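Undergrad: My questions concern the predicted model and sequence given below.
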Amino acid sequence: MKLGKYSARMALILGFYAFLAILALFSKAYADVVFYILLVSVVSQSLNIIFGIAGLVSLGQVVFLGIGVYTFTFLISQGFNPCLSVIAGGFASLIFAVAVGAVLLRLRGIFFACATLILSVAVPYFIIGTGIVGGFAGVNIYKYISSFYNIHVLVFSLLVISLFTTILTIKILESPFGYSLRALKADHDAAETTGINTFRQKMLALCVSAMLTGIAGGILAIKQAYILPLVVFDPLYSIEAILVVLLGGPGTVMGPVLGAFIYEMLRDILMRFAPGFQAFIYGILVIAIILRAREGIVGLLKKNKKLQKLLV
Amino acid sequence: MFDLIVQVLVFGVFVAAIYSLQALGFNIVVGAMRILNLAHAEFVVLGAYISYWAWVFFGFNPIQSIPLSALLGVITGLVSYDFLIKRLVYSADVALVATFALSLVLKEGMKIFWTANYRGIPWTLGSISFNGITVPITYIYTLIGSLVLILAVYIIMYKTYFGKACRAVAFDRETAAICGVNVERILRYGFAFSSCLAFVSGNLLTVYISSGINPYMGQVIMVKCLIIVTLGGLGNPWGALIGGLTIGMLEQIIPVVLMNYVPNIEPFMFTPFIYSLIFILILLLKPEGILGGGVQ
């Protein structure tokens, strides 16, 4: 039987996720690794929507994750339903993205990137300075979540979100919205001249990206249990997301997912053999990828004619 | 209260001189190469460490170790230009991500080599009082040192061939090349000059932060540097001076005001948030900065 191009791609993606699910069920230790693979894949896939497809460099993706974490923390400590709190984290991120985007999306290129970088510094210091939700000392939410905490449930919910994000990215790439985003990346002024409402499209992309990251943030909060502002808003999360997108291939669908897999495996190895050196090696990796392989892994694999049809 | 404000403003001037020095270096790269070097703050931190090690090993005080850190700054600048920056000039976005990664490598490298401990230089020479305002003598030496350096930077930028060529490249790269400027070489030395200034300013900064030298202090320095440069005008050498003075003063004034007038707030921790608001406001209202961007 000859599969169509579309279903072959879907089979590949579903197969990959099924592989991750089996790996998670295999043992508790693997479940942890798979949890982080899926988390990083959600964050970097949503960064991919604005960075890879729309070409907006965002150095502050961690802000959306952190907003999700903090919304969840606040709501769960007020006695709300955990499912509801996770989803509320997504919406809080969305609202934040609308507010921030209305201001920052008027900036272009490096100015936008700088503004997002500065935003990711501003938000944690706002939390520390005003002392809301625990301030500098953080909050321990263990007593609220211990009744329902189960790593397999967390992995499964992240799996659903990650799969949803990936399929959404395919849909976006095939839709007129995706074409307008790619036009925007190729040439902002030309895209505007052809009648694309660039501000609206960028805003939509940012909203989608922020909401998905925020939902992932809620689930990360359950895993972490102890919420500290300088840990939650660690700029390393932002560079992680950028590294994964660059590693996998910016603007591709499978790139961030494959990138997240390789990245987490690498992290696991580094944790064992060279603890304390991870961030150093990530930095070198980003530089090496930028200098040597601009299209990432998927870009390299696509050079093969047979694989070209399979990969998106 | 009034005495406190005056005292704080005097300290603002001291810090402002260092900030201007940092921002001047940053501006040279922004102007000539049109990329933002996010690793600039890590160069400042490296300078601070050199000052510390010169104190520990050779007994040099931060003024005496200026030539050493300037030399090492030039070498670091040349090496990072040849290996990395040279290949990034084609795209500002790519350069941004790459220099962000470079800053991570330098930061973590410093952590690995020198641990994350807080270190400081106990350099004291007593202090002088004037109308109730007390100033340590080391601060005065450092202020004189940084003012001399700022003056030297302006002389280099406006009177020498290198400085004029640098400004010409920033103004219009193609025309400068037609007029016989070796653009490649100017960019290389411009980057080295910028990193040299970062090292020297980090070296002098250690006098003011008595026990706060650690690998992670770069983040706040970077944010301040970006704000100063945007405030004064990207690529404008005079803007760096104005922006540095403004931020140096604000940084001292804001915590005092917050402490006295706004209850329930951690004043020093809240200040970075206020900077960020200022930065975003400037970008929106007057993106070219107070003095306007470009070369003057």
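TA: Thanks, I have it.
Undergrad: Can you list the residue ranges for helices in the stretch 1-150 of chain A?
TA: Taking DSSP state H, counting those that start in this stretch as the test, the helices found in the stretch 1-150 of chain A are A:5-26, A:28-47, A:61-77, A:82-104, A:110-130, A:142-145.
Undergrad: Take those helices and write them to TSV, including distance to chain B and mean neighbour count.
TA: The way it works is simple: take the backbone N, C-alpha and C, and place the C-beta from them, glycine included. Rendered in TSV, the data for the helices of the stretch 1-150 of chain A read as follows (distance: least, C-beta to the nearest C-beta, whole Å; neighbours: other C-beta atoms under 10 Å in any protein chain shown):
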stretch	distance to chain B	mean neighbour count
helix A:5-26	27	14
helix A:28-47	12	24
helix A:61-77	11	27
helix A:82-104	6	20
helix A:110-130	3	23
helix A:142-145	25	15
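Undergrad: which other helices and strands contact the helix or strand harbouring residue B:156?
TA: Secondary structure here is read from DSSP states H and E; on that basis residue B:156 sits in helix B:137-159. Contact partners of helix B:137-159 among helices and strands, from 3 or more C-beta pairs under 8 Å, 6 or more residues apart in numbering or on different chains; DSSP states H and E: helix B:2-33, strand B:127-130, helix B:161-171, helix B:183-208, helix B:237-261.
Undergrad: how many degrees apart are the fourth one and helix B:161-171 in direction?
TA: Relative orientation of helix B:183-208 with respect to helix B:161-171: 110 degrees, computed using axes from the mean of the first three to the mean of the last three C-alpha atoms, to 10 degrees.
Undergrad: Please compute how far the helix or strand just after helix B:183-208 lies from its chain's middle.
TA: Taking DSSP H and E as the definition, the helix or strand that follows helix B:183-208 towards the C-terminus is helix B:218-232. Centroid separation between helix B:218-232 and its chain, computed with C-alpha atoms, centre = their mean, to the nearest Å, is 8 Å.
Undergrad: Highest average neighbour count across the helices and strands packed on helix B:137-159: which stretch is it?
TA: Using mean count of other C-beta atoms under 10 Å in any protein chain shown, the stretch among those with the largest mean neighbour count is helix B:183-208, at a mean of 24.
Undergrad: so where's chain B shaky on pLDDT?
TA: Chain B contains residues with pLDDT under 70 at B:287-296.
Undergrad: For chain A, what's the nearest residue on it?
TA: Ranking the residues of chain B by distance to chain A (C-beta to the nearest C-beta) places residue B:270 first, at 2.9 Å.
Undergrad: Rebuild the helices and strands packed on helix B:137-159 as CSV, extending it with distance to chain A.
TA: Shown next, in CSV, are the helices and strands packed on helix B:137-159 (distance: least, C-beta to the nearest C-beta, whole Å):
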stretch, distance to chain A
helix B:2-33, 9
strand B:127-130, 31
helix B:161-171, 16
helix B:183-208, 16
helix B:237-261, 9
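Undergrad: Just put these in a markdown table and tack on distance to residue B:217.
TA: Written out in a markdown table, the entries for these read as follows (distance: least, C-beta to C-beta, whole Å):
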| stretch | distance to residue B:217 |
| --- | --- |
| helix B:2-33 | 13 |
| strand B:127-130 | 25 |
| helix B:161-171 | 29 |
| helix B:183-208 | 9 |
| helix B:237-261 | 14 |
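Undergrad: And these: which comes nearest residue B:216?
TA: For the helices and strands packed on helix B:137-159, the distance to residue B:216 is smallest for helix B:183-208, at 14.1 Å, taking C-beta to C-beta.
Undergrad: Would you mind pulling up the elements that the closest one packs against?
TA: Under the contact criterion of 3+ C-beta pairs under 8 Å, 6+ apart, the helices and strands touching helix B:183-208 comprise helix B:2-33, helix B:40-58, helix B:66-83, helix B:137-159, helix B:161-171, helix B:173-178.
Undergrad: Now render the helices of the stretch 1-150 of chain A as TSV, adding distance to residue A:282 and mean pLDDT.
TA: As requested, the helices of the stretch 1-150 of chain A are arranged in TSV below (distance: least, C-beta to C-beta, whole Å; pLDDT from 0 to 100):
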stretch	distance to residue A:282	mean pLDDT
helix A:5-26	22	84
helix A:28-47	12	90
helix A:61-77	14	92
helix A:82-104	25	92
helix A:110-130	17	85
helix A:142-145	30	84
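Undergrad: okay, the ones you listed in JSON lines with distance to residue B:55 next?
TA: Supplementary listing: those in JSON lines, determined by distance: least, C-beta to C-beta, whole Å:
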{"stretch": "helix A:5-26", "distance to residue B:55": "53"}
{"stretch": "helix A:28-47", "distance to residue B:55": "42"}
{"stretch": "helix A:61-77", "distance to residue B:55": "36"}
{"stretch": "helix A:82-104", "distance to residue B:55": "42"}
{"stretch": "helix A:110-130", "distance to residue B:55": "30"}
{"stretch": "helix A:142-145", "distance to residue B:55": "45"}
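Undergrad: Tell me which of those helices sits nearest to residue B:60.
TA: Using C-beta to C-beta as the criterion, the shortest distance between residue B:60 and the helices of the stretch 1-150 of chain A is 33.3 Å, found for helix A:110-130.
Undergrad: then the closest one to PDB, C-alphas only?
TA: Written as PDB, here are the backbone C-alpha positions of helix A:110-130 (Å, rounded to 0.1, in the frame of the first residue of the first chain):
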ATOM      1  CA  ILE A 110      16.500  43.700  17.100                       C
ATOM      2  CA  PHE A 111      14.400  46.200  19.100                       C
ATOM      3  CA  PHE A 112      11.700  43.600  19.600                       C
ATOM      4  CA  ALA A 113      14.300  41.100  20.700                       C
ATOM      5  CA  CYS A 114      15.800  43.500  23.200                       C
ATOM      6  CA  ALA A 115      12.400  44.400  24.500                       C
ATOM      7  CA  THR A 116      11.500  40.800  25.100                       C
ATOM      8  CA  LEU A 117      14.900  40.200  26.800                       C
ATOM      9  CA  ILE A 118      14.300  43.200  29.100                       C
ATOM     10  CA  LEU A 119      10.700  42.000  29.800                       C
ATOM     11  CA  SER A 120      12.100  38.600  31.000                       C
ATOM     12  CA  VAL A 121      14.200  40.500  33.500                       C
ATOM     13  CA  ALA A 122      11.400  42.900  34.500                       C
ATOM     14  CA  VAL A 123       8.700  40.400  35.400                       C
ATOM     15  CA  PRO A 124      10.700  38.400  38.000                       C
ATOM     16  CA  TYR A 125      11.900  41.600  39.600                       C
ATOM     17  CA  PHE A 126       8.300  42.900  39.700                       C
ATOM     18  CA  ILE A 127       7.300  39.700  41.600                       C
ATOM     19  CA  ILE A 128      10.300  40.000  44.000                       C
ATOM     20  CA  GLY A 129       9.900  43.800  44.500                       C
ATOM     21  CA  THR A 130       6.200  43.800  45.300                       C
END
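Undergrad: relative to helix B:218-232, how tilted is that helix?
TA: Computed by the same axes, to 10 degrees, the angle separating helix A:110-130 from helix B:218-232 equals 120 degrees.
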